[in-house]
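Q: please find the sequence and the predicted model below.
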Amino acid sequence: MAENEQPYSELKGGTARFKITGRVKIDEDSLPGAQQKEGSTWRHVNSSFRVQTDEGNSIYVRIWGGYKTDNPILYKFSADRSEGMIKVKWDSRKEPSVLEKVSNASLLRATLEKDESGKRITKEFLSEIDFEEYLQEHLHDNQLVTLTGDVEYSEYQGEVQRRFNLRNVYMAEPYEKDGETIEPQQESLLYQTYIVDSDSVPRRANKELKDNGETTINAFVPQYVSSVNIGGKYRELKKTVPYPQSLVIRVKKKSDGTDDLELKQKLVEKVFGVSRGTVREVTTSNKIIEGYNESTVDNLEDVMSPELRELVELGIMTEEEIKEQTSIRGNKISEIEYKGVSTRKNPDTGEVRPAIFDDKYTEEALVSPIAKLEDEVLDGSYEDSYDDDDTVSEDDLEAFFG
């Protein structure tokens, strides 16, 4: 924070971005195109498809957005931040002069074609409908691509859910470096701002790291929420909410064969451990893990029939093939694993520092504004001003930009 600036008592937005390189798994039902229910003026897409990495991760990304047919306007952030939101007529959304006026954050991009010279072609879109229509033709099953976008959190029946909203997709191809062909690295990364307090680190964290090889940080993520359903009715909120999220710290093997237990213990204490009364903001890079536990048979000799053993001896089958086929799918895994602390560069001095801030928030910032709103509804002090057609206010812009 700037010198002499008071800490905030309400959360601001933070980083919540993903980058996944893997093979898409799509069929004729994955990208169905625009939908509009009978009697509704909302025409939109709401699609998802799976991306699989060579690490076994299987992550769904989402395309969601549309417009009202009785008011065909798109609301987008201007390239000139001082202008805030600008209105784009539906019929003008593809004009180059219009695309130049909106911010990069408002654009969806696809790089899935090449020209005659082999140069990549990037297509830009303002509407998710047009974006999905393009992907229907140019994105193919099992294609190796890199996907990036925003992570959105929401609460449903008491459970916080993550959605990976797709913004960009481009070809992942081998490239030449120093005369060597480099293959794209398949990975699933999350860049996320977390909020931690004195209760975030388990008391037995060091012992958990030593005995189990991992511990879990109980953190929060800031998510802007425009309205919430209370008592069967949507109420205006327009606040940034602290949603609980877990972050796994895991002991790893180092190049010399030893583990980094001591380093991870220091990390937990230094980065995530704070004294009572302190609310810390820390932005980290992380690995997204989505899939299932799998176990394999340790000793194939105990389970192979004489007929199967004969096939192995004849070279018709290998033990590796049999182990793959005898893998047992276990419980579903959905977790975020810590990789590193992000950095921030001071634009005035050029100094680079870790993205860790202890003076940004007061303890009150972790009190959920949803809980406050529920109390207001219950005691009758809430004044209902929610309108589905409201445009984005200056307060919304401030919450979005942080």
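A: Done, it's in. Numbering: from 1, shown residues only.
Q: can you pull out the helices in this structure?
A: Assigned by DSSP state H, the helices in the chain fall at 96-99, 128-138, 205-212, 261-267, 306-313, 319-325, 369-379, 394-401.
Q: how far off centre is stretch 243-255?
A: Distance, stretch centre to chain centre, for stretch 243-255: 17 Å (Cα atoms, centre = their mean, to the nearest Å).
Q: and residue 291, which of the helices of the chain is closest to it?
A: helix 319-325 (15.4 Å; Cβ to Cβ). In short, each C-beta sits where N, CA and C put it, glycine included.
Q: show me where the chain dips below the pLDDT cut-off.
A: For the chain, the stretches with pLDDT under 70 are 1-4, 292-300, 302-303, 322-331, 380-402.
Q: pick out the residue closest to the middle of it.
A: residue 151 (3.2 Å; Cα atoms, centre = their mean).
Q: contacting residues around the residue nearest to residue 173 when sequence neighbours are not counted?
A: Leaving aside its chain neighbours, residue 173 sits nearest to residue 184 (6.7 Å; criterion: Cβ to Cβ, 6 or more residues apart in numbering). With contact taken as Cβ atoms under 8 Å, 6 or more residues apart in numbering, residue 184 is in contact with 21, 144, 146, 172, 173, 174.
Q: let's have those in CSV, adding distance to residue 136 and neighbour count.
A: Formatted as CSV, those follow (distance: Cβ to Cβ, whole Å; neighbours: other Cβ atoms under 10 Å):
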residue, distance to residue 136, neighbour count
21, 22, 20
144, 19, 17
146, 19, 20
172, 20, 18
173, 22, 12
174, 26, 10
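Q: and of these, the nearest to residue 110?
A: The closest of those, once distances to residue 110 are taken by Cβ to Cβ, is residue 146, at 11.4 Å.
Q: how close does residue 173 get to residue 115?
A: 15 Å (Cβ to Cβ, to the nearest Å).
Q: test my guess that residue 340 contacts residue 285.
A: Yes - counting by Cβ atoms under 8 Å, residue 285 is a contact partner of residue 340 at 5.0 Å.
Q: in a markdown table: the contacts of residue 184, plus distance to residue 290.
A: Below are the contacts of residue 184 laid out as a markdown table (distance: Cβ to Cβ, whole Å):
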| residue | distance to residue 290 |
| --- | --- |
| 21 | 15 |
| 144 | 18 |
| 146 | 17 |
| 172 | 19 |
| 173 | 25 |
| 174 | 26 |
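Q: among those, which ones are in strands?
A: Judged by DSSP state E, the contacts of residue 184 include 21, 144, 146 as members of strands.
Q: which residues does the second one form a beta bridge with?
A: Taking DSSP bridges as the rule, residue 144 bridges to residue 23.
Q: once you drop chain neighbours, what's closest to residue 361?
A: Nearest non-adjacent residue to residue 361 (Cβ to Cβ, 6+ apart): residue 279, at 4.3 Å.
Q: the one you found: how many residues sit nearby?
A: Taking other Cβ atoms under 10 Å as the neighbour definition, residue 279 ends up with a count of 25.
Q: any idea how far residue 8 is from it?
A: Applying Cβ to Cβ to residue 279 and residue 8 gives a distance of 10 Å.
Q: again with residue 291
A: From residue 291 over to residue 8 (counting by Cβ to Cβ), the distance is 37 Å.
Q: and the strands in the stretch 151-300 of the chain, which stretches?
A: Using DSSP state E, counting those that start in this stretch, the strands of the stretch 151-300 of the chain run over 159-171, 175-177, 180-182, 187-196, 214-230, 233-250, 280-295.
Q: most tightly packed of the ones you listed?
A: Highest mean neighbour count among the strands of the stretch 151-300 of the chain (mean count of other Cβ atoms under 10 Å): strand 187-196, with a mean of 22.
Q: relative to strand 159-171, how tilted is that one?
A: 140 degrees (axes from the mean of the first three to the mean of the last three Cα atoms, to 10 degrees).
Q: before we move on, back to that, and for residue 279 and residue 8, which residues touch both?
A: 360, 361, 362, 365.
Q: how about the contacts made by residue 172?
A: Contacts of residue 172 by Cβ under 8 Å, 6+ apart are 21, 144, 145, 146, 184.
Q: OK, contacts around the third one?
A: Contacts here follow Cβ under 8 Å, 6+ apart; on that basis residue 145 touches 21, 22, 23, 24, 51, 112, 139, 169, 170, 171, 172.
Q: about what we covered before: mind putting the strands of the stretch 151-300 of the chain into JSON lines with distance to residue 60?
A: JSON lines is the format used below for those (distance: least, Cβ to Cβ, whole Å):
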{"stretch": "strand 159-171", "distance to residue 60": "7"}
{"stretch": "strand 175-177", "distance to residue 60": "28"}
{"stretch": "strand 180-182", "distance to residue 60": "28"}
{"stretch": "strand 187-196", "distance to residue 60": "12"}
{"stretch": "strand 214-230", "distance to residue 60": "19"}
{"stretch": "strand 233-250", "distance to residue 60": "18"}
{"stretch": "strand 280-295", "distance to residue 60": "8"}
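Q: which one of these lies nearest to residue 350?
A: strand 280-295 (19.2 Å).
Q: which strands and helices sit next to that closest one?
A: If contacts are counted by 3 or more Cβ pairs under 8 Å, 6 or more residues apart in numbering; DSSP states H and E, strand 280-295 sits against strand 58-68, strand 187-196, strand 328-341, strand 356-357.
Q: kindly export it (C-alpha atoms) in CSV.
A: Taking C-alpha atoms only, strand 280-295 is exported to CSV below (Å, rounded to 0.1, in the frame of the first residue of the first chain):
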residue,chain,number,x,y,z
ARG,A,280,-1.9,-11.2,5.0
GLU,A,281,-2.3,-11.1,1.2
VAL,A,282,0.0,-13.5,-0.7
THR,A,283,-0.1,-14.4,-4.4
THR,A,284,1.3,-17.7,-5.5
SER,A,285,1.7,-19.9,-8.5
ASN,A,286,0.2,-23.4,-8.0
LYS,A,287,-0.5,-26.7,-9.7
ILE,A,288,-4.2,-27.6,-10.4
ILE,A,289,-4.8,-31.3,-9.6
GLU,A,290,-8.1,-32.7,-10.8
GLY,A,291,-8.6,-36.5,-11.3
TYR,A,292,-8.7,-39.7,-9.3
ASN,A,293,-6.4,-41.6,-7.0
GLU,A,294,-5.1,-44.8,-8.7
SER,A,295,-3.4,-47.8,-7.2
